[in-house]
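Trainee: A predicted structure for the sequence below; I have some questions about it.
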Amino acid sequence: MAEQWGKHTNEAYLEGILKEDRAVLRGLYDEFQPNIIRYIQNNGGTHEEAQDIFASAIVVVYRKVRAGRLVLTSPFSAYLFAICQNLWLKTYRKKSRMAGVTESTERVLADETPTPDEQLEKTMLHQVIRELFSRISDDCRQIIQMRWNGHDYAEIRELMGHKSEGYTRKRKHVCHERLTELVRNDARVKEYFL
């Protein structure tokens, strides 16, 4: 697989993600994640945040492919990088509001601002996600909220009383997957956003 990895086409990447092909997913992580980590770390993020962003981007691609709403007109690597860039920008904005960073600093990361339609769609999606977020367990909400607020896994482990950081990571992953499943299966999300 390793010697053939660089020869994958856009369709091969998308098919591998859709089929959850471990070899393709491992290859995606090996080939593309280092650049994403470097980009995010160079733009105020941590290694852990970069890993979370990359994993979220793969989920975004999976959902779009599964819904049949993705036709690539550029290389897969450029598309994946753009998703990661947008996800990081959202995270950075949230962090910068808490830290008091000015909007002019944010514009360094953003190449374009969303249109009113895009902003309305995002607002509607956020409302749906907030509602679905309220359906997961209290401890899941706490863990996810702490990650969104910039707490690292060691802090969360301590605050939640978990025995190990590894368990905290696993628990966050399970909670995130539960929320993702609720979002993926919600009729409103399927109709308007996928």
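Mentor: Good, I have the coordinates.
Trainee: by contact count, what packs against the lengthiest helix in the chain?
Mentor: Criterion DSSP state H: the longest helix present in the chain is helix 76-99. Helices and strands touching helix 76-99, by 3 or more CB pairs under 8 Å, 6 or more residues apart in numbering; DSSP states H and E, are helix 10-18, helix 22-42, helix 47-66, helix 103-109. Heads up, the C-betas are built off the backbone N, CA and C, glycines and all.
Trainee: what's the weakest-modelled helix or strand in the protein?
Mentor: helix 103-109 (a mean of 49; mean pLDDT, DSSP states H and E).
Trainee: Could you name the helices and strands sitting against the helix or strand where Arg171 lies?
Mentor: Per DSSP states H and E: Arg171 is located in helix 165-185. Applying 3+ CB pairs under 8 Å, 6+ apart, we find helix 165-185 packed against helix 116-133, helix 138-148, helix 153-160.
Trainee: With mean pLDDT, mean neighbour count and distance to Gln85 as added columns, please give those helices in a markdown table.
Mentor: What follows is the helices and strands packed on helix 165-185, written out as a markdown table (pLDDT from 0 to 100; neighbours: other CB atoms under 10 Å; distance: least, CB to CB, whole Å):
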| stretch | mean pLDDT | mean neighbour count | distance to Gln85 |
| --- | --- | --- | --- |
| helix 116-133 | 68 | 12 | 15 |
| helix 138-148 | 89 | 16 | 19 |
| helix 153-160 | 91 | 16 | 24 |
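Trainee: So for Leu182, which of the ones you listed sits nearest?
Mentor: Among the helices and strands packed on helix 165-185, helix 116-133 comes nearest to Leu182, with 4.4 Å by CB to CB.
Trainee: count of residues packed around His187?
Mentor: Rather than His, residue 187 is Ala. Applying other CB atoms under 10 Å, we find 8 residues neighbouring Ala187.
Trainee: Tell me the confidence at it?
Mentor: pLDDT for Ala187: 78.
Trainee: ok, it - contacts?
Mentor: Not one residue lies near Ala187 by CB atoms under 8 Å, 6 or more residues apart in numbering.
Trainee: where are the low-confidence patches of the chain?
Mentor: For the chain, the stretches with pLDDT under 70 are 1-8, 96-125, 190-194.
Trainee: Pop the domain breakdown of it in here.
Mentor: 1-113, 114-194 (automatic domain parsing).
Trainee: hang on, the earlier thing: wait, which of the helices and strands packed on helix 165-185 is closest to Glu177?
Mentor: helix 138-148 (10.0 Å).
Trainee: Please export the alpha-carbon coordinates of that closest one; CSV is fine.
Mentor: Provided in CSV are the C-alpha atoms of helix 138-148 (Å, rounded to 0.1, in the frame of the first residue of the first chain):
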residue,chain,number,x,y,z
ASP,A,138,-24.1,15.4,31.4
ASP,A,139,-20.6,14.1,31.6
CYS,A,140,-20.3,14.0,27.8
ARG,A,141,-21.5,17.6,27.6
GLN,A,142,-18.9,18.6,30.2
ILE,A,143,-16.0,16.9,28.5
ILE,A,144,-16.9,18.3,25.0
GLN,A,145,-17.5,21.7,26.4
MET,A,146,-14.1,21.7,28.2
ARG,A,147,-12.3,20.7,25.0
TRP,A,148,-14.2,23.4,23.1
